[in-house]
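> would you be able to build a 3D model of this:
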Amino acid sequence: MVAQMSGVAIVSGGGRGIGAAICLKLAERFRAVGIIDRDRDPAEQVAAELRAVGSVSEVRAVDVTDVEAVGHAVDSLVAAMGGLDTVVAAAGNMVGADLADMSVAAWSSVLDVHLTGSFALAKASLPALRRSSNPSVVLVSSIAARGIAGHANYGAAKAGIMGLTRSLARELGPEGIRVNAVAPGFIDTRMTRDGAVERGLGWEEFAGRAAAASALGRIGQPAEIAAVVDFLAGPDSSYMTGQIVYATGGT
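This next block holds a predicted model:
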């Protein structure tokens, strides 16, 4: 049994990768963790892991680009788990192409999942967060916000999340709601492994190039990003809002 504090968190994109690691980490702090994910099966697997260590966990299978459905899912989770204190928008996708070849559908897909999905989750969570004694929102940006060739949609979406973070922090700060973001570097996830395939590279070569570009000489792991999110969600960051915390290994 893990040592748990009171409180409830909701994580979008919690079925895989960084989102799943965030759920597992937050379960050490919060008594309940709700998971929103488009794919039910992996989300239920994560929820089962949380329950196995004594956490309450509920899953709602929702596409985060459906703003109305996200609202219903959040309301349902809040009712089932008895409140909400922290919400983490970790849902993501990548659809790469050079500008000349990028379709409007590919552009919109990535902007919708990352940027509209973050907006939808934050908006839907606001009524419950206003009732919390320690409310916080954590968004997930990326080092790609600095620019990434072949993925202009992803870089633009992640830069947009930085702007959304700072804007919501100023808007909601007077109510005591903190809004921060983590900006990961190259992390070992299914999405980055798919990136190797997209480029026609083996994983070892692809990851090796990323490691060589970092000051630490290695790539990151999802649990290392989850630890930053846990800090931003917890009381030790009580005087932080509107901040973008880079976790890039010095890239």
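
> show me the shaky parts of the stretch 51-200 of the chain.
Scanning the stretch 51-200 of the chain for pLDDT under 70 picks out nothing.

> ok, which stretches of it are helices?
Here the stretch 51-200 of the chain has its helices, by DSSP state H, counting those that start in this stretch, at 67-81, 104-111, 117-129, 152-172, 190-198.

> which positions within the longest one qualify as buried?
Translated: helix 152-172. Residues of helix 152-172 classed as buried: 152-162, 164-166, 168-169, 172 (neighbour count, 16 or more other CB atoms under 10 Å). No exception for glycine: its C-beta is placed from N, CA and C like everyone else's.

> put the alpha carbons of that helix into PDB.
Provided in PDB are the C-alpha atoms of helix 152-172 (Å, rounded to 0.1, in the frame of the first residue of the first chain):
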ATOM      1  CA  ALA A 152       5.600  22.100 -38.000                       C
ATOM      2  CA  ASN A 153       2.200  21.100 -36.700                       C
ATOM      3  CA  TYR A 154       3.700  19.500 -33.500                       C
ATOM      4  CA  GLY A 155       6.100  22.400 -32.900                       C
ATOM      5  CA  ALA A 156       3.300  24.900 -33.300                       C
ATOM      6  CA  ALA A 157       1.000  23.000 -31.000                       C
ATOM      7  CA  LYS A 158       3.600  22.700 -28.300                       C
ATOM      8  CA  ALA A 159       4.400  26.400 -28.600                       C
ATOM      9  CA  GLY A 160       0.700  27.100 -28.300                       C
ATOM     10  CA  ILE A 161       0.500  25.200 -25.100                       C
ATOM     11  CA  MET A 162       3.200  27.400 -23.600                       C
ATOM     12  CA  GLY A 163       1.100  30.400 -24.500                       C
ATOM     13  CA  LEU A 164      -2.000  28.700 -23.100                       C
ATOM     14  CA  THR A 165      -0.200  28.000 -19.900                       C
ATOM     15  CA  ARG A 166       0.900  31.500 -19.300                       C
ATOM     16  CA  SER A 167      -2.500  33.000 -20.300                       C
ATOM     17  CA  LEU A 168      -4.500  30.700 -18.000                       C
ATOM     18  CA  ALA A 169      -2.000  31.300 -15.200                       C
ATOM     19  CA  ARG A 170      -2.800  35.000 -15.300                       C
ATOM     20  CA  GLU A 171      -6.500  34.500 -15.700                       C
ATOM     21  CA  LEU A 172      -6.900  31.900 -13.000                       C
END
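
> and it, what does it pack against?
In this structure, helix 152-172 packs against helix 104-111, helix 117-129, strand 136-140, strand 178-184, with contacts taken as 3 or more CB pairs under 8 Å, 6 or more residues apart in numbering; DSSP states H and E.
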